[in-house]
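**Q** curious how this folds, go ahead:
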Amino acid sequence: MIRASALAHILGQFLIVLAGCMLVPLVFSAWLQTDLRPLGFSCLITFVFGAICTISASRPVTDLSQREGLLFVVLVWLAVSFFGALPFYFSVFFSSFTDAFFESVSGFTTTGATVLGRVEVLPHDLQFWRCFSHWLGGMGIVLLGIAILPLLVTGGMRLYRAEFSGARSEKLKPRITETAFALWKIYLALTLAEFVALRLAGMKTFDAMCHTFSTLGTGGFSTRTASIAAFNSPAIEGVVIFFMLLSGISFIQHYRLWIERRPRVFFSDLELWLYLLVAAGASLITFLSLLQQNQLPSAIALRNSIFQVVSIMTTTGFVTDDFEKWLPLPQLILLALMFFGGCTGSTSGGLKSARIMLLSRVVNREFKRMVERRGVFPIRLGNQVIPENTIQSLLNLVYLAFLVNFVACLLLAAAGVDVLTSIAAVASTMFNVGPALGTVGPAEHYGHLPAFTKWVLSGCMLAGRLEFYTILVIVTPAFWRK
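**A** Next up is the predicted model:
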């Protein structure tokens with residue numbers, strides 16, 4: 001049986017941690033002498049609710065079961081999104097809780113889709129909170145909790161596997177808390193490095209902080225409505241491109257490169273090479289298309305093509321140009337890159353490069369079987385033979401992704417949203433990209449959509465961030481059967 005009291009106790013501790021995270025922008029707000037009430041009330045409510053859950057519910061004495069781990073991950077993301085929306089809701093800049101919740105989900109899932117027509121209207125403390133939610137959600141709220149809550153030492157691996165995206169959730173160290181700490185150290189080091197690089201490139205301190213949070217989390221929230229295009233700086237764009245690429249690489253590979261000092265293992269990773277080759281190829285085609293379309297100077301066309309391809313492929317969602325004005329071919333390439341995504345075990349969304357590689361090898365194996373029906377053709381990734389149950393899980397994941405995509409598109413179309421916007425918005429939110437096509441393109445926002453569609457797209461963001469299995473399994477009768 002699922003121990004509701006045990007889950008409530010742990011959830012309460014997570015909410016206390018979230019309240020502690022709210023103190024960061026709250027202190028920033030006090031320093032700026034802005035209105036403290038939105039963040040202050042939110043922090044207090046979150047802490048009180050977390051304390052009540054922690055005190056009133058009993059502490060688990062045994063390890064979390066598989067079902068409890070899956071349910072808890074979903075509960076954490078729902079609770080964090082709900083309480084994370086309170087600062088927006090208590091402000092005067094969001095007209096309804098629907099909009100506040102959408103913005104919060106978009107932040108923590110690192111999607112970057114916004115309901116705001118003008119971002120500059122927000123005070124600095126709320127802008128800080130928006131981008132900070134990207135940074136927290138990038139490595140994962142649950143992974144953060146595993147790192148700081150000793151309670152989860154025994155059940156941590158189940159939560160780690162349920163939340164942390166990856167083809168294989170590897171334990172880099174014997175204890176799961178040590179694994180979480182190791183990944184967070186790398187995350188913090190990259191954060192500091194990008195902040196310094198952006199400052200050196202000419203970005204102001206506040207802007208550098210916010211864009212560092214968004215880049216490392218592969219979100220898309222910016223302090224400017226025009227996103228990175230507002231700075232019009234090749235140096236800033238170069239820094240952001242570099243760190244978007246790093247954020248799209250598996251943090252397991254980062255661990256091997258920076259901690260274990262095994263560059264040969266890092267650079268021999270097949271997924272990494274596929275990821276880089278696809279980015280390079282898509283950038284080249286887009287570059288040639290931009291030259292053909294606008295007769296732009298080659299330097300500007302190259303900047304726009306590389307930046308936009310890397311931004312969409314890593315599901316970060318920053319923009320330097322309105323790609324809705326591009327030719328159909330590069331638009332279609334960007335739409336395809338939303339599905340492709342970064343590497344497994346990274347902060348990016350999408351299906352992930354390793355899975356695309358495995359899918360291509362599964363198709364190739366079926367071609368071989370049609371010719372040699374008695375042949376045995378194992379699927380390999382490097383030197384590793386992939387088990388058949390992993391292949392089956394991969395095919396199921398792809399099926400679920402397209403099923404969610406199709407159902408969500410139908411729901412948006414039923415609400416009166418045009419076909420192009422429905423397809424692009426669903427793909428963009430379920431793979432945590434942000435800007436799309438149609439009426440939610442890079443120069444538009446999601447605020448004009450009906451409230452119903454915002455809840456549907458919020459569900460898409462959560463489903464995509466948890467990679468479909470985790471959130472969909474809890475609605476099946478088998479999950480609740482004793």
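
**Q** low-confidence regions, the stretch 51-200 of the chain specifically.
**A** Segments of the stretch 51-200 of the chain classed as low confidence (criterion: pLDDT under 70) are 141-142, 144-176.

**Q** so which residues of it form strands?
**A** For the stretch 51-200 of the chain, no strands turn up when DSSP state E, counting those that start in this stretch is the criterion.

**Q** need the strands for the stretch 351-482 of the chain, in chain order.
**A** Counting by DSSP E, counting those that start in this stretch, one finds strands in the stretch 351-482 of the chain at the ranges 380-381, 384-385.

**Q** can you list these in a markdown table and add distance to Asn396 and mean neighbour count?
**A** C-beta coordinates here come from the backbone N, C-alpha and C atoms, glycine included. Written out in a markdown table, the entries for these read as follows (distance: least, Cβ to Cβ, whole Å; neighbours: other Cβ atoms under 10 Å):
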| stretch | distance to Asn396 | mean neighbour count |
| --- | --- | --- |
| strand 380-381 | 18 | 14 |
| strand 384-385 | 20 | 10 |
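
**Q** format those strands as JSON lines; extra columns: mean pLDDT.
**A** Shown next, in JSON lines, are the strands of the stretch 351-482 of the chain (pLDDT from 0 to 100):
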{"stretch": "strand 380-381", "mean pLDDT": "81"}
{"stretch": "strand 384-385", "mean pLDDT": "82"}
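
**Q** reformat those as JSON lines; add distance to Glu194.
**A** Supplementary listing: those in JSON lines, determined by distance: least, Cβ to Cβ, whole Å:
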{"stretch": "strand 380-381", "distance to Glu194": "30"}
{"stretch": "strand 384-385", "distance to Glu194": "32"}
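
**Q** tell me which residue is most central in this structure.
**A** If you average the C-alpha coordinates of the chain and look for the closest C-alpha using Cα atoms, centre = their mean, you land on Thr110, 3.8 Å from that point.

**Q** so who does that one touch?
**A** Residues touching Thr110, when contacts are defined by Cβ atoms under 8 Å, 6 or more residues apart in numbering, comprise 134, 137-138, 217-219, 315, 347, 349, 432, 465.

**Q** what residues does stretch 44-57 touch?
**A** Under the contact criterion Cβ under 8 Å, 6+ apart, stretch 44-57 has outside partners 5-9, 11-16, 18-19, 22, 83, 86.

**Q** narrow the residues you listed to those that are buried.
**A** Buried members of those, counted by 16 or more other Cβ atoms under 10 Å: 6-9, 11-16, 18-19, 22, 83, 86.

**Q** returning to what we had before: can you turn the buried part of the contacts of Thr110 into a ChimeraX selection?
**A** The following ChimeraX selection, which keeps only the buried ones among those, applies the criterion 16+ other Cβ under 10 Å:
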select :134,137,138,217,218,219,315,347,349,432,465
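
**Q** in JSON lines: the contacts of Thr110, plus distance to Asp35.
**A** Below are the contacts of Thr110 laid out as JSON lines (distance: Cβ to Cβ, whole Å):
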{"residue": "His134", "distance to Asp35": "23"}
{"residue": "Gly137", "distance to Asp35": "25"}
{"residue": "Gly138", "distance to Asp35": "28"}
{"residue": "Gly217", "distance to Asp35": "26"}
{"residue": "Thr218", "distance to Asp35": "31"}
{"residue": "Gly219", "distance to Asp35": "25"}
{"residue": "Thr315", "distance to Asp35": "33"}
{"residue": "Thr347", "distance to Asp35": "31"}
{"residue": "Gly349", "distance to Asp35": "34"}
{"residue": "Asn432", "distance to Asp35": "31"}
{"residue": "Arg465", "distance to Asp35": "31"}
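
**Q** so of the contacts of Thr110, which ones are in helices?
**A** Filtering the contacts of Thr110 for membership in helices, criterion DSSP state H, returns 134, 137-138, 465.

**Q** not counting sequence-adjacent ones, nearest residue to Thr421?
**A** Setting aside the residues directly before and after it, Thr421 is nearest to Gly438 in space (Cβ to Cβ, 6 or more residues apart in numbering), at 3.2 Å.

**Q** which residues are in contact with that neighbour?
**A** Counting by Cβ under 8 Å, 6+ apart, Gly438 touches 418, 420-422, 424-425.

**Q** which of those residues are buried? Put it as a ChimeraX command.
**A** In ChimeraX, the members of the contacts of Gly438 classed as buried (16+ other Cβ under 10 Å) are selected with the following command:
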select :421,422,424,425
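
**Q** between the contacts of Gly438, which is closest to Glu178?
**A** Closest approach to Glu178 among the contacts of Gly438 (Cβ to Cβ): Ala425, at 40.2 Å.

**Q** how close does that closest one sit to Pro442?
**A** Distance check for Ala425 against Pro442: by Cβ to Cβ, to the nearest Å, it reads 13 Å.

**Q** still on that earlier bit, now do the residue nearest to Thr421 against Ala424, distance only.
**A** Where Ala424 is concerned, Gly438 sits at a distance of 5 Å (Cβ to Cβ).

**Q** got it, and Pro87?
**A** Separation of Pro87 from Ala424 (Cβ to Cβ): 29 Å.

**Q** what does Ala51 give?
**A** Distance check for Ala51 against Ala424: by Cβ to Cβ, it reads 43 Å.

**Q** and for Phe97?
**A** Note on Phe97: its distance to Ala424, by Cβ to Cβ, is 26 Å.

**Q** from what I can see Thr223 touches Phe128, true?
**A** No: contact criterion Cβ atoms under 8 Å: Thr223 and Phe128 do not qualify, at 9.0 Å.

**Q** which neighbours do the two have in common?
**A** Among the neighbours of Thr223, those also in contact with Phe128 (Cβ under 8 Å, 6+ apart) are 206, 210.
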